[in-house]
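S.K.: Mind folding the following:
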Amino acid sequence: MFSNKKIFLVIILLAMVSFTAYVIVVVIPARLAEKSYDGAKQIGRDIAKAFQFTPEITVNNTVVLQQQTPILELATIKQQFQHQYSWTNTWAGSTKKIDIQGVFESKAGFDLNKKFSIHINNDKAIVILPPPQVLSVELIGDIKFNDEHGVWNWVNEQDRAHAIEAFQRDARKFAAQANFIQQAKVTMEEKLRSILKSHGKEMAIRFENDTINRVIRER
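M.R.: Have a look, this model is predicted:
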């Protein structure tokens, strides 16, 4: 038979074991999770400060922050470029020509109507982005014209209007084929990597699809 003293010691031992197990199984993971959540929220605040929007952030498959997008588009690069175009029209063997030049501003970045998320697991962060794209190509300043009349096919105001439309289409085509999209991609990667590195996270980034969607929104 156990003495009262031995029974008391066994009870104390079992209580200590139970308390230790509770701390290991419940308290420590909860505190670590809380610390991870607080860190993720700070990452969200840092990204919001840098980009004026917050991506969805998950920690170990738990959503800590929902995506908040007060802006619809995020332009990570603005590039001005001078563009030239020659419009011609031939009628009855007589050709008229309008040379046009002007300056455009192209904005490339990300459509925030699509999902932008960061998945954090310990010291790893996987960033999932929509593909970068040309957001807009806008004419800034005045257009310069140089008209060349044909022998009996003369330049008129309607020709000017057609030439301007073709000029703007050609500028948008140029912007889509230039390296503006790649520059927007690199700029976003660098900024995100810097933010996540400051929180001790190693970043891996991937896009919604492998092909960069070069959609141009006409304005």
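S.K.: Need the pLDDT of the residue lying closest to T69 once chain neighbours are set aside.
M.R.: Distance criterion C-beta to C-beta, 6 or more residues apart in numbering; nearest residue to T69, sequence neighbours excluded, is L112 at 4.3 Å. Heads up, the C-betas are built off the backbone N, CA and C, glycines and all. Model confidence at L112, expressed as pLDDT, equals 86.
S.K.: show me what contacts L112?
M.R.: F53, T69, I71, L72, E73, L74, P130 (C-beta atoms under 8 Å, 6 or more residues apart in numbering).
S.K.: Identify the farthest-apart pair in those residues.
M.R.: I71 and P130 (13.8 Å; C-beta to C-beta).
S.K.: So if I had to pick from these two, which one is more boxed in?
M.R.: Under the criterion of other C-beta atoms under 10 Å, the comparison of I71 against P130 puts P130 first, with 18 against 10.
S.K.: Contacts only, for that one.
M.R.: F110, D111, L112, K114, K115, F116, F207, E208.
S.K.: again, only using 6 Å
M.R.: Taking C-beta atoms under 6 Å, 6 or more residues apart in numbering as the criterion, P130 is in contact with F110, D111, K114, E208.
S.K.: Same question for K124.
M.R.: Shown in contact with K124 (C-beta under 6 Å, 6+ apart): E202.
S.K.: what pairs with it across the strands?
M.R.: When bridges are called by DSSP bridges, K124 pairs up with N121, E202.
S.K.: The chain should start at 29 in everything you say after this.
M.R.: Sure, I'll start counting at 29 from here, so that last one is K152.
S.K.: any idea how far the closest residue to T116 other than its chain neighbours lies from E176?
M.R.: With C-beta to C-beta, 6+ apart as the criterion, T116 has its nearest non-adjacent residue at 4.8 Å, and that residue is K125. Taken as C-beta to C-beta, to the nearest Å, the spacing of K125 relative to E176 amounts to 4 Å.
S.K.: So for those two, which residue has more residues nearby?
M.R.: When neighbours are counted by other C-beta under 10 Å, K125 and E176 differ, and K125 comes out ahead with 18 against 12.
S.K.: can you tell me the helix or strand for that one?
M.R.: Using DSSP states H and E, K125 sits in strand 122-139.
S.K.: Tell me the strands beside that strand, with direction?
M.R.: Listed by DSSP bridges, the sheet partners of strand 122-139 and their directions read strand 101-119 (antiparallel), strand 161-176 (antiparallel).
S.K.: Many thanks, have a good one.
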